[in-house]
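Novice: Predicted model and sequence follow; I will ask about them next.
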Amino acid sequence: MFRRTILASAVAIPFGLSGSAWADPDYNPPFVFQYGKAHYVTSHLSCDAARKLVQADGYRHIARASCGANTYAFHALRNGRAFTVHVNPHNGELSH
């Protein structure tokens, strides 16, 4: 029993002292999924976060059209059809 404790400590202590973590401490997801929809947790989205939301909604080949103060626009494909998707940077709502 004592030998197992020593072995476990010998493995665990170097990991604890190394300062590395399994998860990236700088990663802060821009949205959370609740009730099957993506909801943003910030008050104002970045253009890159809005692009990721468009991608999470099933659009592919996304190209930024504009990222103004009141709306972000992206050209994208979904099911083989071309769309211009608008994202409200204040609440993350998508429209096309």
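Specialist: On my side now, so go ahead.
Novice: tell me which element the residue lying closest to Thr71 once chain neighbours are set aside is part of?
Specialist: The spatially closest residue to Thr71, leaving aside those adjacent along the chain, is His86, at 5.3 Å (C-beta to C-beta, 6 or more residues apart in numbering). C-beta coordinates here come from the backbone N, C-alpha and C atoms, glycine included. Assignment of secondary structure by DSSP states H and E places His86 within strand 81-87.
Novice: what residues does that strand touch?
Specialist: 45, 50, 53-54, 57, 59, 65, 71-77, 93-96 (C-beta atoms under 8 Å, 6 or more residues apart in numbering).
Novice: Quote the end-to-end distance of stretch 82-95.
Specialist: Stretch 82-95 stretches 14 Å from its first residue to its last (C-alpha to C-alpha, to the nearest Å).
Novice: And for stretch 50-61?
Specialist: The first residue of stretch 50-61 is 14 Å away from its last residue (C-alpha to C-alpha).
Novice: Doesn't Val54 belong to a helix?
Specialist: Yes. According to DSSP: H, G, I helix; E, B strand; the rest coil, Val54 belongs to a helix.
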